[in-house]
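# Compute the structure for the input listed below.
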Amino acid sequence: MEEAAAKRQGVTLGKLNDSNPTRHGLAPASVPEVYSAEPKGQRYAREALATFLNGRGNGRCEADDLYILSSTSEAYSWLIKLLCDAGDAVLAPKPGYPLIESIARLECVDTIEYQQRFDGSWYIDVAELREALEGEHGGRIRALILINPNNPTGSYVKTPEREAIVQLCREHGVAIIADEVFYDYDLEPFEGNARLAGEHGVLTFALDGFSKMLAAPHAKVGWIQVSGPVEDVAEAKRRLDVIADDYLPMSEIIAQRIPSMLQAAPEQTTRVRARVRSNLQTLHAMLKTDPNGLVSVLRAEGGWNVLLRVPSVLDENELVLAMIERHGVSGQPGYFFDMTSNGYLAISLLPEPEDFRRNVQIVLDTVNELIG
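Prediction:
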């Protein structure tokens with residue numbers, strides 16, 4: 001208590017047990033800085049990030065609402081630790097990327113699937129969510145995971161869905177984990193979509209990071225933005241501080257680069273967005289002019305992957321194996337993402353235009369060969 005009081009008064013106490021070698025002239029010349037353990041991430045980095053987030057319309061974000069760590073995967077792990085005990089459960093979307101289930105399993109937590117359904121566009125079955133929360137396993141559910149936009153469906157959380165989900169989570173004492181790493185890559189969105197970052201109606205943890213923002217998966221920096229009712233946020237941050245203190249994730253070396261990476265973000269995001277939108281236009285044109293018309297693309301609202309629909313009489317594995325054997329190209333069939341029926345193939349919109357055109361043509365040629 002006395003140490004805490006001294007800190008509040010701005011007094012720096014000497015410590016007989018200070019075992020930080022950088023404070024004793026032992027740091028290497030290549031890394032000369034004095035290390036200061038800041039579990040949530042270095043203050044200057046969080047302040048720079050808060051300024052950046054406030055500039056893009058996240059609602060009001062304070063540096064103390066942010067936790068910087070190495071990746072959104074690590075963020076999922078922290079939040080599952082925070083919200084769940086062993087044997088608890090989280091709600092996760094299907095179709096969806098299988099990473100969430102794997103991370104939850106490592107934390108001894110179950111995932112309960114809720115379906116995104118397609119009817120010209122993707123939507124969340126809110127009635128199914130209510131049924132899950134009020135059903136047999138509802139008492140074990142501690143969090144609802146929303147991917148905004150989802151991967152691989154590309155669907156944003158629509159305004160009516162969001163309003164209903166926030167109310168539902170509030171009624172059942174369930175937190176929202178909102179993964180928004182693809183948010184800026186809008187393709188064919190509906191009007192009114194918005195980030196869940198800054199949501200105040202229910203305890204919300206919004207995830208984002210440089211991996212997608214900069215199109216740089218080797219730039220391993222992610223963050224959690226905490227928002228919601230004041231008392232819930234205070235308690236969540238108190239407990240999350242303990243997890244952050246145990247893991248001390250953010251390297252000072254990386255943190256020093258965060259301000260410059262934030263400066264590069266708008267230009268880099270614009271560059272990537274232009275590429276994926278252009279390739280999507282190319283895809284639509286190629287599908288429209290294909291004489292056999294056997295392949296279509298599901299509406300992609302955002303992200304940088306899309307789902308192709310191929311004839312369901314083709315086995316997805318057979319299609320991918322044929323592409324490997326005949327053209328030296330592999331792919332991810334729909335069942336990788338737990339699509340509910342056969343006949344889907346995920347394709348990236350990131351390749352350079354000529355490479356992308358060639359990839360699409362390989363799919364068309366292989367489907368036509370197998371059907372013919």
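# switch to C-alpha atoms for all contacts and neighbour counts from now on
Fine.
# What segments of the stretch 201-350 of the chain are strands?
Assigned by DSSP state E, counting those that start in this stretch, the stretch 201-350 of the chain shows strands spanning 204-209, 222-227, 296-297, 305-309, 332-333, 344-348.
# could I get those strands as CSV with mean neighbour count, mean pLDDT and distance to residue 130?
Shown next, in CSV, are those (neighbours: other Cα atoms under 10 Å; pLDDT from 0 to 100; distance: least, Cα to Cα, whole Å):
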stretch, mean neighbour count, mean pLDDT, distance to residue 130
strand 204-209, 26, 98, 18
strand 222-227, 26, 97, 23
strand 296-297, 18, 97, 31
strand 305-309, 20, 96, 28
strand 332-333, 19, 94, 30
strand 344-348, 22, 96, 29
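# Include distance to residue 235 when you put the ones you listed into TSV, please.
TSV is the format used below for those (distance: least, Cα to Cα, whole Å):
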stretch	distance to residue 235
strand 204-209	13
strand 222-227	11
strand 296-297	45
strand 305-309	37
strand 332-333	41
strand 344-348	41
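# closest to residue 371 out of those?
Minimum separation from residue 371 across these (Cα to Cα) falls at strand 305-309, 14.1 Å.
# Give me the contacts around the closest one.
The contact list for strand 305-309 (Cα atoms under 8 Å, 6 or more residues apart in numbering) reads 151-154, 295-298, 300, 334, 343-349.
# Minimum distance to residue 146: which of the strands of the stretch 201-350 of the chain has it?
Among these, strand 204-209 sits nearest to residue 146 (Cα to Cα), with 9.4 Å.
# Each with direction, which strands does that closest one pair with?
Using DSSP bridges, the strands paired with strand 204-209 are strand 175-179 (parallel), strand 222-227 (antiparallel).
# pLDDT value on residue 251, please?
For residue 251, the model assigns a pLDDT of 84.
# neighbours around it, how many?
16 (other Cα atoms under 10 Å).
# what do you get for residue 318?
Look at residue 318: counted by other Cα under 10 Å, it has 12 neighbours.
# before we move on, what about residue 115?
Using other Cα under 10 Å: residue 115 sits among 20 other residues.
# which residues are contacting the host helix or strand of it?
Element membership for residue 115 (DSSP states H and E) is strand 110-118. With contacts defined as Cα under 8 Å, 6+ apart, strand 110-118 is touched by 87-95, 101, 104, 122-125, 128-129.
# which stretches of this structure form helices?
Using DSSP state H, the helices of the chain run over residues 2-8, 43-55, 72-83, 99-106, 126-134, 159-172, 210-213, 230-247, 252-255, 258-289, 316-327, 353-371.
# on that earlier part again, and the strands of the stretch 201-350 of the chain: which comes nearest residue 177?
Nearest to residue 177 among these is strand 204-209; the distance by Cα to Cα comes to 4.8 Å.
# Report the contact partners of residue 3.
Counting by Cα under 8 Å, 6+ apart, residue 3 touches residue 13.
# could you point out where this protein is predicted with low confidence?
Applying pLDDT under 70 to the chain picks out residues 58.
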